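Peer 1: Any chance you can model this:
(one chain, ligands or ions: 1)
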Amino acid sequence: MPHIHPKMGRLGLLRYISSFPTRTSCLPQPGFTGGPLCSQPTVRALSCQYRRGLSTTAPGELMKDLSGPEQRRLTALYDGLIAGQRASLAEAITLVETQHPRKKELAQVLLQRVLAYRTEQERLNGGRPLAFRVGLSGPPGAGKSSFIEVVGKMLTGRGHKVSVLAVDPSSCTTGGSLLGDKTRMTELTRDMNAFIRPSPTSGTLGGVTRTTNEAIVLCEGAGYDIVLVETVGVGQSEFAVADMVDMFVLLIPPAGGDELQGIKRGIIERADLVVVTKSDGDLVVPARRMQTEYTSALKLLRRQSKSWNPKVVRASSHSGDGIPEVWAKMESYRDSMLASGELQARRRAQQKVWMWNLIQENVLCYFQNHPSVREALPRLEEKVNTGTISPGLAADLLLKYFSSSS
Ligand SMILES: Nc1nc2c(ncn2[C@@H]2O[C@H](COP(=O)(O)OP(=O)(O)OP(=O)(O)O)[C@@H](O)[C@H]2O)c(=O)[nH]1
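Peer 2: Reported below is the predicted structural model:
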């Protein structure tokens, strides 16, 4: 799906909106007032803050719009989160995942405070990010959870705090789960220096990626210096995850054939590191072959970074072979990218993508819920269905109704 270009004019934006398919999650909900993410007071406070040129370290402005109990609740949540309490972090993530309009606003105020805190911490850290965000993807059964469990345990053993967030595309459409149930990573779940959060079980992929982006901020605020974002190699979720992390790692099992099984070419291009999993016992030979194949495949791809060449490594979560070496490669990636400034630049670019994705989602909802659009939509959809008018004309008409009465 194309992205909105920041320089696109209003008409261009409206035309662009019309290219979207209708999403059921955006259909008018009872009591919907057309409001976007934040209520007017919150938006006002945020835009006031912006106009006055205040830095985000002054989120007190936003708190003033809240009732006394809301302020107390948010303060307790913020204090608990900053103190690294897992229960507060879990509650804060639940808050950002909510569909409840008022709670959504509270979540934005909390996020603003946590962002301000994190920005200050980063300033004290010489402008270097406090946490390392790693995305991990691979086909079902590639060995992702076994790998995360082993790497996670190794890292907590070295004094790191590790959080694991999941983006599960299947949970968006079916409520089911490709990433398996909560029994995955049993040891890491019990580790006090680890925090594991399964994917929300409802919402669109856009919604899930938004909340995952926000959950990353919350995890970092709670002192987790390594954030692992896991997804399964299905649909667009891998690309979404690649857009929210510092490093993107592809896990592939040693396949029997010569084909690069079930792996999208586009996603190989995004990989900073490919790990051939299960490299033990009888699987060592096919794992070596996969390593050679992928190394050749990567050589043909355009380089994404000036300071890093994607690598292919082998590891076994069962025997532990190669696990410390994989982590060493990840650290060396982070160090090179930090030293060249590319990591920071990537984060800045991601912030923009995130913002435009949010705008995309909210503008589309706003459009679809606009009274004139709602009134005309069934009739025009029917005419498009029967071929009476072209989709282009229907879109133009809807945009005209929208713009003439908004
Ligand atoms: N031989 C071997 N088997 C492994 C290794 N890692 C995982 N497996 C096996 O591969 C299967 C899938 O492992 P998981 O870690 O659940 O894989 P996953 O990618 O998280 O799977 P999904 O949750 O389905 O996405 C299990 O039967 C594991 O025991 C390994 O290092 N060596």
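
Peer 1: mind showing which ranges of the stretch 251-400 of the chain have poor pLDDT?
Peer 2: With pLDDT under 70 as the threshold, the stretch 251-400 of the chain has low-confidence stretches at 256-265.

Peer 1: need the residues of it near the ligand, please.
Peer 2: Taking CB under 6 Å from any ligand atom as the criterion, the neighbours of the ligand within the stretch 251-400 of the chain are 277, 278, 280, 283, 316, 317, 318. The C-beta positions use only the backbone N, C-alpha and C, and glycine is treated the same way.

Peer 1: Filter these down to the buried ones.
Peer 2: Neighbour counting by 16 or more other CB atoms under 10 Å classes 277, 278, 280, 283, 316, 317 among those as buried.

Peer 1: so residue 81 makes contact with residue 90?
Peer 2: No. Using CB atoms under 8 Å, residue 81 is not in contact with residue 90; the gap is 9.8 Å.

Peer 1: between the two, who's got more neighbours?
Peer 2: Counting neighbours by other CB atoms under 10 Å for residue 81 and for residue 90 shows that residue 81 has the greater number, 26 against 15.

Peer 1: Give me the pLDDT for the more buried one.
Peer 2: We note a pLDDT of 95 for residue 81 in this prediction.

Peer 1: try residue 45
Peer 2: Per-residue pLDDT puts residue 45 at 41.

Peer 1: One more: the one 5 residues further on?
Peer 2: Per-residue pLDDT puts residue 50 at 34.

Peer 1: my guess is residue 208 is in a helix, correct?
Peer 2: Yes. Per DSSP: H, G, I helix; E, B strand; the rest coil, residue 208 lies within a helix segment.

Peer 1: Residue 309 versus that one, what's the distance?
Peer 2: Residue 208 sits at a distance of 32 Å from residue 309 (criterion: CB to CB, to the nearest Å).

Peer 1: Rebuild the buried ones among the residues of the stretch 251-400 of the chain next to the ligand as a markdown table, extending it with secondary structure.
Peer 2: Supplementary listing: those in a markdown table, determined by three-state DSSP:
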| residue | secondary structure |
| --- | --- |
| 277 | coil |
| 278 | coil |
| 280 | coil |
| 283 | helix |
| 316 | coil |
| 317 | coil |
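
Peer 1: Dump these into a markdown table; add distance to residue 192 as well.
Peer 2: Listed next are these as a markdown table, based on distance: CB to CB, whole Å:
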| residue | distance to residue 192 |
| --- | --- |
| 277 | 27 |
| 278 | 29 |
| 280 | 30 |
| 283 | 33 |
| 316 | 27 |
| 317 | 22 |
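
Peer 1: Determine which two of those residues are furthest apart.
Peer 2: 283 and 317 (11.8 Å; CB to CB).

Peer 1: Are there residues contacting both of the two? Which ones?
Peer 2: Residues touching both residue 283 and residue 317 by CB atoms under 8 Å, 6 or more residues apart in numbering: none at all.

Peer 1: And residue 348, which helix or strand is it part of?
Peer 2: Of the helices and strands defined by DSSP states H and E, residue 348 is found in helix 342-368.

Peer 1: helices or strands next to that helix in the packing?
Peer 2: If contacts are counted by 3 or more CB pairs under 8 Å, 6 or more residues apart in numbering; DSSP states H and E, helix 342-368 sits against helix 10-17, helix 205-221, helix 323-340, helix 371-385.

Peer 1: Which of the residues in the second one are classified as buried?
Peer 2: Going by neighbour count (16+ other CB under 10 Å), the buried part of helix 205-221 is 205-221.

Peer 1: and that helix, what's its mean pLDDT?
Peer 2: 84.

Peer 1: relative to helix 342-368, how tilted is it?
Peer 2: Taking axes from the mean of the first three to the mean of the last three CA atoms, to 10 degrees, one finds that helix 205-221 is oriented at 140 degrees with respect to helix 342-368.

Peer 1: List the strands paired with the helix or strand that helix 205-221 is followed by, with their directions.
Peer 2: Reading on from helix 205-221 to the C-terminus, the next helix or strand found by DSSP H and E is strand 226-232. Partner strands and pairing direction for strand 226-232 (DSSP bridges) are strand 132-138 (parallel), strand 162-167 (parallel).
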